[in-house]
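Asker: Everything below, folded, please.
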Amino acid sequence: MDKKKEYLIGDVSRIVGLSRDALRFYEKKGIIHAKKKENGYRYFSDEDIYRLMCIVYRRKMNDSLEEIKDFVKDDMPVAHMRQHLERRIGEEEEEICRRRQTIARLKLSIHDMENIEAYEGKCVLKELPAAYILDTCEDLYDSLRQWFSMSSEVSGLDMAYFYNVFSMRNGMLENEGTQLLIYKGLEPFINSGFDLSACLSTEPLPCVYRVEASKDLLPDAAAAETMADWASSQGFVPTGVFYSNNMTSFLGEDTNIYYLELYMPVIPAGKQK
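Answerer: Take a look at the predicted model:
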């Protein structure tokens, strides 16, 4: 009968790809058990190598050390293990969802940066974004409170943007409220228990579009006047509605810079009533 092989801790470290400290830690936790020879040297067997393979694989399933300690008990029922694996699948799926939401937020921010680089200080024609209207609030600060409330209850709704709605009268902007909008295309990143189809949607209105850097969260009438003049030069007439969305903020110690994207719905000059 073949003599069983014996491995010193350095041998095991090379075979399984774990540091000596990690092996000692597993031993301290009672997950593996070294044997001691008469000369005082501690060694591991082929069975220990196989045991470590099982442990390393479970670590690759993101099981904690405490869970692994339960796994190596002699009386582990199969049903208990199956329930544990099903629970772990649910946890990993939730983590995947959180990661996908994080990537979606990053992509939204990149899109905002691209708009700033392309349109800051310029006027162009652009449609109002296709979006779901989550709520219409009294003003920006009322919508902030609603944003915190909704996003704490439904994962993913924190990706809403604040569209301040103004009416334009006699060269002045009058606040008509703030809409919380979720852009269409973000449906896969919103908690499946929330029914976006029940929300009203924005209309694809042709608009004069402009991005401005501002020290204020809300635009001034001069921005609207600049856009109205540009619309006239292109043969369009403003409808009297004006939208402002703070797409991103650069927060400083004393002064904040807000990048406002401004939408002014327009119609061809010959079609106004």
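Asker: Just the CA trace of stretch 70-87, in PDB.
Answerer: The C-alpha trace of stretch 70-87 is given here as PDB (Å, rounded to 0.1, in the frame of the first residue of the first chain):
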ATOM      1  CA  ASP A  70     -20.800  25.300   8.900                       C
ATOM      2  CA  PHE A  71     -20.200  23.500   5.500                       C
ATOM      3  CA  VAL A  72     -17.300  21.400   6.900                       C
ATOM      4  CA  LYS A  73     -19.400  20.000   9.800                       C
ATOM      5  CA  ASP A  74     -20.100  16.200   9.700                       C
ATOM      6  CA  ASP A  75     -23.900  16.600  10.200                       C
ATOM      7  CA  MET A  76     -24.600  19.100   7.300                       C
ATOM      8  CA  PRO A  77     -28.100  18.100   5.900                       C
ATOM      9  CA  VAL A  78     -28.400  18.200   2.100                       C
ATOM     10  CA  ALA A  79     -31.600  20.200   2.300                       C
ATOM     11  CA  HIS A  80     -29.800  22.800   4.500                       C
ATOM     12  CA  MET A  81     -27.000  23.100   1.900                       C
ATOM     13  CA  ARG A  82     -29.500  23.500  -0.900                       C
ATOM     14  CA  GLN A  83     -31.400  26.300   1.000                       C
ATOM     15  CA  HIS A  84     -28.100  28.000   1.600                       C
ATOM     16  CA  LEU A  85     -27.100  27.900  -2.100                       C
ATOM     17  CA  GLU A  86     -30.500  29.200  -3.100                       C
ATOM     18  CA  ARG A  87     -30.200  32.100  -0.600                       C
END
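Asker: tell me the mean pLDDT for it?
Answerer: Mean pLDDT, stretch 70-87: 82.
Asker: Numbering from 233 from now on, please.
Answerer: That works, and once the first residue is 233, the last one we named lands at stretch 302-319.
Asker: any chance you could map the strands in the stretch 333-482 of the chain?
Answerer: 356-359, 363-369, 393-401, 404-415, 432-433, 438-446, 468-470, 473-482 (DSSP state E, counting those that start in this stretch).
Asker: what helices or strands is the first one leaning on?
Answerer: In this structure, strand 356-359 packs against strand 438-446, with contacts taken as 3 or more CB pairs under 8 Å, 6 or more residues apart in numbering; DSSP states H and E. Quick note: C-beta positions are derived from backbone N, CA and C, even for glycine.
Asker: which other residues reach the strand it packs on?
Answerer: Residues from elsewhere that reach strand 438-446 (CB atoms under 8 Å, 6 or more residues apart in numbering): 347-348, 351-360, 451, 455, 458-460, 462-463, 468, 470, 475, 479, 489-499.
Asker: Between the strands of the stretch 333-482 of the chain, which one is closest to Ile321.
Answerer: Across those, Ile321 has its closest neighbour in strand 404-415 (28.5 Å, CB to CB).
Asker: And the residue nearest to the spatial centre of the chain, how far from Leu428?
Answerer: In the chain, the centroid-proximal residue (CA atoms, centre = their mean) is Thr334; its distance is 2.5 Å. Distance of Thr334 to Leu428, computed by CB to CB, to the nearest Å: 20 Å.
Asker: And the residue lying closest to Trp462 once chain neighbours are set aside, how close does it get to Met479?
Answerer: Closest residue in space to Trp462, ignoring its immediate chain neighbours: Cys355 at 4.0 Å, by CB to CB, 6 or more residues apart in numbering. Distance of Cys355 to Met479, given as CB to CB: 17 Å.
Asker: repeat for Gly249
Answerer: On the measure of CB to CB, Gly249 and Met479 end up 47 Å apart.
Asker: mind listing what Ala362 touches?
Answerer: 415-417, 433-434, 436.
Asker: for the stretch 233-382 of the chain, what are the low-confidence residue spans?
Answerer: 233-235, 305-306 (pLDDT under 70).
Asker: Now Asp452. Nearest residue, chain neighbours left out?
Answerer: The nearest residue in space to Asp452 (CB to CB, 6+ apart) is Leu405, at 7.6 Å.
Asker: Pretty sure that neighbour sits against Ala456.
Answerer: Yes. The pair formed by Leu405 and Ala456 meets the contact definition of CB atoms under 8 Å, at 5.9 Å.
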